[in-house]
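here is a sequence together with a model predicted from it:
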Amino acid sequence: MTMSILLIYVFVFAAVLLAVDAILRYATTRTRSRREINDRLSRLNEGGGDQAETYRQLLKDRSATGGWGKKGVFAWMTRIYRQSGMRLSIQRRILYTIGFIIFGWIAFGFLVGGGALQLVAGPVLGLAVMVLVVMRVRTKRIKKFVEQLPIAIEIIVRSLNAGHPLSTAIALVGREMPDPIGSEFGLLSDQLTFGSELDDAMLNMLDRVGAEELALLAVTVSVQRGTGGNLAEILENLSSMIRDRGVIRAKIKAISAEGRITSVIMAIFPFGLYSMIVTLVPTYFDPVWESGYGTQIVVGLLVIMAFGMLILNRLVRFDF
């Protein structure tokens, strides 16, 4: 199969996927206003204020009920999807999964060639790309949540200083703050309303979000409930600490920017060079494939590149 035909397949697949996705969006969802910044409040308005039904539906859409167990690959993937905040129906999840598998199969055939290895490695490549996309969405959502968290804590502090109980302060954050923190604190308020303990509800929110800073808030509230003390003052100090942590993270990101860009370039350069050579001289690598060792060479090089990428990632990544 020539390169031009493969490219045609890729473009046709992308066009069909986008078209089907657009049709499904139009058929299964309502047109939402751009000004709707809190998904939970919007659903409450659409559902006539039925708090219990909205709560159950939000948990269902976020895959926060049921699941594949607490351990294993499927549980990990479910947790990553839940923390990404994506709300896709089962049909669309299946559609995207099939689409990424086909994309991986075509991409592997274009880069390495056909054969039995393509049937196995192609779908694995597609699923890996899909997981990376979901993890990217998850990372962006957690980052936005952490940026909003100090403001939410300040709202809670002011509400506590005004004499309101903690549950009322949490509900206020759920009403006043935009997503993602607005809907998450709204779900937390719903759980408290329906009888859950605060510690359990905080742990559930931590599992839905996955932010380390939220764990600090959960521990702070739990310890204060057991030992006593001025919760408003404790939360005010926690808010300042989270802000300082964000400043340090931004400084480290700026300092390591050059190294991170270098690692990305080094990771994609071999694939870009291979694509350019194949485009200019399609028969350049024919001797490699005809030798019978082409697949083994490519697999070995990919394994070496994977180790190299891991080393580069560790060099430019800072944990604090």
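Thanks, I have it.

pLDDT at the residue nearest in space to the middle of the chain, what is it?
Centroid-nearest residue in the chain, with CA atoms, centre = their mean: Arg138, separated by 1.8 Å. With respect to pLDDT, Arg138 scores 92.

from the chain's centre, how far out does the strand or helix carrying it sit?
Using DSSP states H and E, Arg138 falls within helix 116-161. Helix 116-161 has its C-alpha centroid displaced from the chain centroid by 2 Å (CA atoms, centre = their mean, to the nearest Å).

and for stretch 188-204?
24 Å.

now that stretch: mean pLDDT?
On average, stretch 188-204 scores 87.

now the end-to-end length of that stretch.
8 Å (CA to CA, to the nearest Å).

mind listing what's buried along it?
188-192, 198, 201-202, 204 (16 or more other CB atoms under 10 Å). C-betas here are computed from N, CA, C, even on glycine.

which one of these is nearest Ile106?
Using CB to CB, Asn204 is the member of these that lies nearest Ile106, at 40.5 Å.

okay but that closest one is in contact with Leu192, surely?
No. Counting by CB atoms under 8 Å, Asn204 does not reach Leu192; the two are 10.8 Å apart.

and the residue nearest to the centre of the chain, how far from Trp105?
Between Arg138 and Trp105 the distance is 25 Å, computed by CB to CB, to the nearest Å.

how about the contacts made by Phe285?
277-278, 294 (CB atoms under 8 Å, 6 or more residues apart in numbering).

and it, what are its phi and psi?
When read as degrees, to the nearest 10, the backbone of Phe285 gives phi -100, psi 10.

below-threshold pLDDT in the stretch 101-250 of the chain: ranges please.
Residue ranges of the stretch 101-250 of the chain with pLDDT under 70: 111-115.

which element is the closest residue to Ala218 other than its chain neighbours on?
Excluding its sequence neighbours, the residue lying closest to Ala218 (CB to CB, 6 or more residues apart in numbering) is Met202, at 4.0 Å. Under the criterion of DSSP H and E, Met202 resides in helix 198-209.

run the angle between that helix and helix 116-161 for me.
Interaxial angle, helix 198-209 versus helix 116-161 (axes from the mean of the first three to the mean of the last three CA atoms, to 10 degrees): 140 degrees.

returning to what we had before: hmm, the residue nearest to Ala218 is touching Gln224, no?
No. Here Met202 does not reach Gln224: they are 11.8 Å apart, not a contact under CB under 8 Å.

in the chain, which spans are helices?
Per DSSP state H, the chain carries helices over the ranges 3-28, 39-46, 51-61, 73-84, 90-111, 116-161, 166-176, 181-193, 198-209, 212-227, 231-255, 257-280, 286-290, 294-316.

which of those helices sits most buried?
Ranked by average neighbour count under the criterion mean count of other CB atoms under 10 Å, the helices of the chain are headed by helix 181-193 at a mean of 22.

chain center to that one: distance?
20 Å.

by contact count, what packs against that helix?
If you count contacts as 3 or more CB pairs under 8 Å, 6 or more residues apart in numbering; DSSP states H and E, helix 181-193 packs onto helix 39-46, helix 51-61, helix 116-161, helix 166-176, helix 198-209.

pull the contacting residues for Val157.
By CB under 8 Å, 6+ apart, Val157 lies in contact with 232, 235-236, 239.

closest to Phe110 among the residues you listed?
Relative to Phe110, the closest of the contacts of Val157 is Ser239; by CB to CB it sits at 50.8 Å.

give me the phi and psi for Asn230.
The phi/psi pair for Asn230 (degrees, to the nearest 10) is phi -80, psi 100.

that older thread, find the nearest non-adjacent residue to the residue nearest to the centre of the chain, please.
Closest to Arg138 by CB to CB, 6+ apart is Ser84, at 4.0 Å.

separation between the one you found and Met77?
Ser84 is 11 Å from Met77, by CB to CB.

go on, Ala257?
From Ala257 to Met77 the distance is 31 Å (CB to CB).

what of Phe194?
For Phe194, the distance to Met77 - CB to CB - is 28 Å.

right, and Ile151 touches Met177 too?
Yes. Contact criterion CB under 8 Å: Ile151 and Met177 qualify, at 7.1 Å.

show me the contact partners of stretch 305-320.
245, 248-249, 252, 256, 259-260, 262-263, 266-267, 270.
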